[in-house]
Structures are given as structure tokens and as C-alpha cells.
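Trainee: sequence and predicted model, in that order:
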Protein chains: 2
Amino acid sequence: MNQCGTITAVFEFEIKQRDGRARTATFQTPRGAVTTPMFMPVGTQGTVKGISPQELLEIGSQMILANTYHLMLRPGEQLVKAHGGLPGFTAYPGPFLTDSGGFQVMSLGHMRKISEEGVVFKNHLDGSRVELTPERSIQVQEALGADVIMAFDECPPYPAERPYIEASLDRTVRWLERCHAVKTKDDQALFAIVQGGVHEDLRLKSLEATLPFATPGFAVGGLAVGESKEEMYPAVAFTAGRLPENKPRYLMGVGHPEDLVAGVALGIDMFDCVYPTRTGRFGYALTDDGRLNLNSSAPRTQLQPIDAECDCYACRHYTRAYLAHLLRAEEMLAPRMLSLHNLRYLHRLVERMRVAINGQQFHPWAADWSERYFHGNVPGWFTSAFERSTQSEI
Amino acid sequence: MNQCGTITAVFEFEIKQRDGRARTATFQTPRGAVTTPMFMPVGTQGTVKGISPQELLEIGSQMILANTYHLMLRPGEQLVKAHGGLPGFTAYPGPFLTDSGGFQVMSLGHMRKISEEGVVFKNHLDGSRVELTPERSIQVQEALGADVIMAFDECPPYPAERPYIEASLDRTVRWLERCHAVKTKDDQALFAIVQGGVHEDLRLKSLEATLPFATPGFAVGGLAVGESKEEMYPAVAFTAGRLPENKPRYLMGVGHPEDLVAGVALGIDMFDCVYPTRTGRFGYALTDDGRLNLNSSAPRTQLQPIDAECDCYACRHYTRAYLAHLLRAEEMLAPRMLSLHNLRYLHRLVERMRVAINGQQFHPWAADWSERYFHGNVPGWFTSAFERSTQSEI
């Protein structure tokens, strides 16, 4: 269905190296090439909370995610468009990805009513009635001007009844068709989203209906919504293993460091999550030794940085004691610096994975990393993900 | 009373140019020279709220103020000392000034009891009983390790009865003597503080008792505490005009842009105030046209920067509409960027005043600046300050 040759050219996805199911690649976007696997910081309201664009570039950010739902409601997509789109509005000069608004409608919209047409909901800001349809989502995303835009989908909650998930994924496919039909811009890649919950047959059904759209990339949706890791990763493996080799694969809303490592093992290329900034605001710092709680008493007198191996501004300049003081004193610099560190941690994590994959050392690297990260108690779901990484059929 | 030759050498204050009572100068500190007039950002709890040390340097900050009262109570001065003092703790590599804690004891301490010995008060954080004396203040300030430390004084509230102000300033002089006596470090300049409220005879009394200490600098204290500008500026003029020419003069807790301009006209060299960061957090931006309220409706659609003449990160990257959006969305980047802009505005303001003074153009510069800033309605107190600036006796 991709009728426009230029789209394929711009959004070329060139695999550099494979290591099991993991791979490194370059993905061309109108605002520059990105290297995968990559983690995308989340700028929900047009800002990665507390972090400047200059800092995002300094810590190795590539593509930034922004939320259609939030920006449509405030300040409205037309104001963003008047700035020349998200790069002009936010001053981040690199590529963007916008979600479709579907997920937020489900999680934030009040009194939502889902129909074949779309979703009607109550604006969480002012209570007004808002309608979001596939057509409206694409219209908003075209105004926001991201490089990658997402098809309008329904992400069923967890748990949900099988019949509901099945009806929902059928509708999501029809919505994808409508998104595809109304899309007008060649400089935006529309990614389709595969749903199906944790059920292999429903995932397969969604895949079979979605793949023919031959979009420049595919997302694995409907996961990390409350199910266990033991349920989630087989579904990731099953879905990712059936997506085209030569297109980027995006695991939406994921995740924690261990999720990035397991996801990469299963052939995922793109991740996004509010976790690094949110947990940073709560006083937690990500490290190879696990999550450091700067609210606890020990760091208050520790004169070492959060992470001696980290090259972020916080780790180059501050002791744990200082950051713990800022947290206790409720100083803005604390969430700012912990968010910066955590984003840098995830960017360094994918950088290290890319190096390991390129050197065909991803599995031994991940074994070392996980042994330390999980303090010797590597969970079964993680080990299983790596077993699947080298199986020919998953 | 200054018995140590090295102090005088290190803290040399060299006047470069005079223009009326205004002057530019270089003040040598152990952590480098600063040029005056200067504005000192306030880092109450060991951080200028929301701003990194790198940003402070980029916007032209020189000396940073930190608060003895706050840091003594949390995290405790010994932790700061364990970092090698404030530069190691905060990662700001330039000079610091610490206040004595006296002002905060009066404004924040609960159930305080002032005696000849010092002040006993209830810690505002945990309710514990804390004593602050001249000796303890110097001990804490030596542990914090700032380049300039302040004598422990009482700043009477406004309004206060004359007899109270007089008794208080007498005690403040005795406290100064005790501070001077216990000070042990040659690499810290102790500044004395002149009190006396808005009463010329009491100011004179304080001056006559304080000047013999021949400290490396003097502060004008007890102003900007609620009195009108019409009362305040004659007291500034009277006091500053009687301080030694060859020592820096510090007007404590001041101020707004117009206060910096009027203060410089009266021979003030150093200023500090939480105003630029506090008003920034509330959504206000300082400009030559006055204060811009980004909470109001007009900026929401304005695609120009806060201030086209400003070179701060916010003005180089963001529109008013974007910043107004961040404010409405309660995003951390809003207070961060508005604080940065406002600090840069005050730093640029003193930079422009230094250029004007060096070129003997301070009065015409200030006339132009004030005409625009006050929208043609330059207040009498401001005009009077400039009249006093060129009088030989004030």
C-alpha cells in the first residue's frame, strides 16, 4: 500500500549487524539518521520534563516522543504548527515521534465512549467533550510535524476478555486503514501497531491484518500495561519475530533497563518510557547495580557520584550527598539532575548494546550486565528472552 | 584591626572608573576577581533554584550567595566542609558569599529569643532548639568556606521603635567585635554590616562604631524590609556616602532592576536578591520594558522571545507562546528557563551599567533605561537617587 517511493527512501532502515535476534541499524528520518537500538525520551507536553534540548543532545538523545493527546488539548496543534512543528516549538532540532493519542484517551480521558467512528471523551483539563478519530489523529499529527507518526489504535486494558481484545484489534486494523487513507505528507512515516494482548493467536491475527499495509515501521502495542513479565516477553518475542526484518520495530511504553536489554535480545529497535524521568523525580537513580534510592539515609553522607562510570553532568559534578540534600530540601535541581542521569543511563545502555551487537558479543555482555544488575538473581523471564533470541522459531 | 597583610592583598578593591557616585571596580577574592557593580544570585540551600553551575557561569554570574542558616540546619556545615566547602559541594567553581544567618533567624526562626549572647530559636525544619551566636556563625561560615563572610547582626523588622533599633545596632556592633575576634581564616573576608533603619542619626551612629573595624568590605543592612522606596533610598545614599571609597559596598537583599540602577547611582557595588528566581518561578520575566507576565493571555500566542535583546538560552530558543504553554502545563522547564532569563537580565543590567560608567555615560544611560522601564512615569525616589548621585554631600 505504500505507493510513494520517496517515503521508502527517506525512511530506509539499514541493518548493520545481527547477533541472535538482536540487531543494530540506521534509520533515516527527514531530520537525520538515528541508530538503533535506541531509547526515546518522552516529552509528553512538548518538553522532556526538566531537561533542555541542548542537554538532550549532549546525553545522546536521538528521537523524542511527544503526545498527540496532550498537545491537541493544550496548547492545541495549530500553535505547534505555527512554530513550524515540534522542532520549532520545543527547540529540539532532531527527529520526533508522536503517538496517536489512542493510549492516553484510554488512560486519561474520562467517560470515554469507543465506537467504530473513534473515541469521544471528556477533556481531562476542562471537562469539554472531545472526539478523537483516526482521521483527527492523523490531522493533529501532521500539524505537530513529527518524523514518525503512529496509527490510531485501541490499547485494551489488562486484563481484558479475549472477545473484547479480538473485536478491538479488528477495529484497530480498520482504523489503521483510515489513518493510511487520510495521511497526506510524505515526510512523515506512519507506523502501524500490532495488538492482541498476550494471546499468540490474536497477535497472529493482528499481524496478518497489519503487515500488508507495509508501513515503514511497526510497533508492538498493548504490552507493559499490567501483565507479568512472564506473560509479556513471549508476546514480544512472538510478535517481533514475525515483523519484517527490514523495518524498525518499536516496543511502545517500555521501559526499565532490564526491559531494554531483553527487548533488544528479541529484535526490538525502539523504546520509549516516562520511567527514567518519573523515577528520577521521585529520587531514584538508575545504575548497573540496580536502582539507587537517594531518599534513603546512606547516600546522605556518600561523597562519590551516583555512578562513577557515568559521564552525565550530575555524575561529573555532584556527590550522592549533595543530590540527597537537594532532594530533602525539595530543590528543583534534584529532579532535573536525576532525570538527566537516568536518561543518560538508558542512552548509555543502548549504546553499550550497540557496541556489543556490532562486536557479536551481545549475549556475553548481557550475561555480565544482568548478573550485576540483578545481584546474581537473574529472573527466569529474562533468561528465557535470551534463549528465544537465538532460536530460529519463536 | 586588620592585622594580617594577606587579607588586604587578597581582597583588594581597585576602582576602575567613577561616574557621579557610581563606580566600577575589581574585587580580588581567593577564587578569582569579580567586577563590580555585580548582582549575586542566591543559592539559599546550596543551589540557585533550578540552575546548574555551568549555566550560572554562562550567564555571567560571578559571586554566589549561600545561606548559613539553611545550610547549618540542613545538611549541616560539616558535610559541606567534607566536600571542601561550597565550591566542592555545589560544583560552582567561583567565589561565594555567605550571610551570617542573622536575617533568617529573624524571619524564619520560630519562638526566637534574642539576648546579648545571641539568638535561640526553634529549627523551622524539625522544631529542635538551636542557638546562633556570633561565634557559632563564624564557625559555620568558616566550615562553609565562602570567600566573603558576613558579620552576625540583627536586622530589626520594619517598622520598629527607635529605641529598639538603637539598642539593636549597639548589640550588632558588639557582635561584630566578637565575630572579628573569633575569625581564624585569612582567605575569607569578613564584611561588617551597618544598621540603623531609616534614621540618619542611627545610621551615623552605626557607621561610627563599625568603620573602625576596617573590614575588607561593608554592607548596608536593615533596608528593603518593608519601608517605602522614598524612605529607603535616602538611607542608602546616606550610608553608602559615608563608607570608605576603597572598599566594596554591599546592599543586602536588593533587588529589583530599578533598585540595582538606583543603588549603583548611589555607589553600591554588590547586590543579592531571590527576586529574579522567585518571580521567574511565578511566571514573570524581567525586561527593559518592565515585567512580562507569562501567565496572562497575550503571550500564549506570541511567537517572539521574551526579550529579543537577551542572549540567554530561553530567549535564543523559545517563544513566549512555548514558555506560556510550559507554565500552564506546570512543566519544570518553565521556572527553570524563566529563572535563567531573569538572572541573565540582572547580569546584563549590571554589565550595561559597568559599560556606561566606564564610558562616563551612566546618567544618560540610566535616563534612557528608566524612561522605558517605567513607561515614561519615572518615580520621584528614582530621580532623587540620581540627583544625590552627583551631590558632593549626601
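Mentor: Yep, it's here.
Trainee: grab the nearest non-local neighbour of the most centrally placed residue in chain A.
Mentor: The geometric centre of chain A, computed from its C-alpha atoms, lies nearest to A:Asp272 (CA atoms, centre = their mean), at 1.8 Å. Leaving out its chain neighbours, the residue that sits closest to A:Asp272 by CB to CB, 6 or more residues apart in numbering or on different chains is A:Met40, at 4.1 Å. (Each C-beta comes from the backbone N, C-alpha and C, glycine too.)
Trainee: where does the stretch 1-150 of chain A dip in pLDDT?
Mentor: By pLDDT under 70, the weakly predicted segments of the stretch 1-150 of chain A are A:1-9.
Trainee: which residue ranges of it form strands?
Mentor: A:13-19, A:22-29, A:32-36, A:38-40, A:42-43, A:64-66, A:96-98, A:110-114, A:119-122, A:129-132, A:148-150 (DSSP state E, counting those that start in this stretch).
Trainee: how about the helix or strand where A:Ile357 lies: buried residues?
Mentor: Element membership of A:Ile357, judged by DSSP states H and E, is helix A:333-358. Going by neighbour count (16 or more other CB atoms under 10 Å in any protein chain shown), the buried part of helix A:333-358 is A:333-354, A:356-357.
Trainee: relative to the whole chain's centre, how far out is stretch A:97-111?
Mentor: Here the centre of mass of C-alpha atoms in stretch A:97-111, compared against the chain's by CA atoms, centre = their mean, to the nearest Å, lies 15 Å away.
Trainee: next, the buried residues of it.
Mentor: By neighbour count on 16+ other CB under 10 Å, the buried set for stretch A:97-111 is A:97-106, A:108-109.
Trainee: for stretch A:363-379, same thing?
Mentor: Within stretch A:363-379, judged by 16+ other CB under 10 Å, the buried ones are A:363, A:365-366, A:369-370, A:373, A:378.
Trainee: and if you look at stretch A:21-40?
Mentor: By neighbour count with 16+ other CB under 10 Å, stretch A:21-40 contains the buried residues A:21-25, A:27-31, A:34-40.
Trainee: I'd like the average pLDDT over the helix or strand hosting A:Ala219.
Mentor: Take DSSP H and E as the rule and A:Ala219 turns out to sit in strand A:218-220. Mean per-residue pLDDT for strand A:218-220: 98.
Trainee: residues in contact with the closest residue to chain B within the stretch 151-300 of chain A?
Mentor: Proximity of the stretch 151-300 of chain A to chain B (CB to the nearest CB) peaks at A:Arg300, 7.0 Å away. By CB atoms under 8 Å, 6 or more residues apart in numbering or on different chains, the contact list for A:Arg300 reads A:320-321, A:324-325, A:328, B:75, B:79.
Trainee: rerun that using 6 Å as the cut-off
Mentor: Shown in contact with A:Arg300 (CB atoms under 6 Å, 6 or more residues apart in numbering or on different chains): A:321, A:324.
Trainee: domain ranges for chain A?
Mentor: Recorded structural domains for chain A (assignment: automatic domain parsing) are A:12-272, A:280-383.
Trainee: distance to B:Thr90 added to those domains, as JSON lines?
Mentor: Below are those laid out as JSON lines (distance: least, CB to CB, whole Å):
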{"stretch": "domain A:12-272", "distance to B:Thr90": "18"}
{"stretch": "domain A:280-383", "distance to B:Thr90": "7"}
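Trainee: tell me the most buried of those?
Mentor: domain A:12-272 (a mean of 21; mean count of other CB atoms under 10 Å in any protein chain shown).
Trainee: endpoints of it, how far apart?
Mentor: 21 Å (CA to CA, to the nearest Å).
Trainee: do stretch A:141-154 as well
Mentor: 17 Å.
Trainee: what's the offset of it from the middle of its chain?
Mentor: 14 Å.
Trainee: also stretch A:96-109?
Mentor: That offset, for stretch A:96-109, works out to 12 Å (CA atoms, centre = their mean).
Trainee: again, but for stretch A:368-379
Mentor: 24 Å.
Trainee: got phi/psi on A:Gly20?
Mentor: Main-chain dihedrals, A:Gly20, degrees, to the nearest 10: phi 60, psi -140.
Trainee: what sits against the residue nearest to it when sequence neighbours are not counted?
Mentor: Residue nearest to A:Gly20 in three dimensions, not counting chain neighbours: A:Ser389, with 3.9 Å by CB to CB, 6+ apart. Residues counted as contacts of A:Ser389 (CB under 6 Å, 6+ apart) are A:20-21, A:265.
Trainee: next, format those residues as a markdown table and append distance to A:Met63.
Mentor: Shown next, in a markdown table, are the contacts of A:Ser389 (distance: CB to CB, whole Å):
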| residue | distance to A:Met63 |
| --- | --- |
| A:Gly20 | 24 |
| A:Arg21 | 22 |
| A:Ala265 | 21 |
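Trainee: A:Arg291 bridge partners, please.
Mentor: As for beta bridges, A:Arg291 partners with A:Leu286 under DSSP bridges.
Trainee: need phi/psi at the residue lying closest to A:Gly94 once chain neighbours are set aside.
Mentor: Using CB to CB, 6+ apart and skipping residues adjacent in sequence, the residue nearest A:Gly94 is A:Arg31, 5.6 Å away. Per-residue torsions, A:Arg31: phi -100, psi 30 (degrees, to the nearest 10).
Trainee: could you say which helix or strand holds A:Asp307?
Mentor: Here A:Asp307 is assigned to no helix or strand, by DSSP H and E.
Trainee: from memory it sits against A:Leu286, does it?
Mentor: No - counting by CB atoms under 6 Å, A:Asp307 does not reach A:Leu286; the two are 8.2 Å apart.
Trainee: got the CA positions of stretch A:319-337 in CSV?
Mentor: This file holds the C-alpha atoms of stretch A:319-337, laid out as CSV (Å, rounded to 0.1, in the frame of the first residue of the first chain):
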residue,chain,number,x,y,z
THR,A,319,28.2,13.7,45.1
ARG,A,320,25.3,11.5,46.2
ALA,A,321,25.3,13.5,49.4
TYR,A,322,24.7,16.7,47.6
LEU,A,323,21.9,15.3,45.4
ALA,A,324,20.4,13.6,48.5
HIS,A,325,20.5,17.1,50.2
LEU,A,326,18.8,18.7,47.2
LEU,A,327,16.0,16.0,47.3
ARG,A,328,15.4,16.5,51.0
ALA,A,329,15.4,20.3,50.5
GLU,A,330,12.9,19.8,47.7
GLU,A,331,15.2,21.7,45.3
MET,A,332,14.3,21.7,41.6
LEU,A,333,17.9,20.8,40.7
ALA,A,334,17.3,17.3,42.2
PRO,A,335,14.6,16.1,39.8
ARG,A,336,16.4,17.8,37.0
MET,A,337,19.7,16.1,37.6
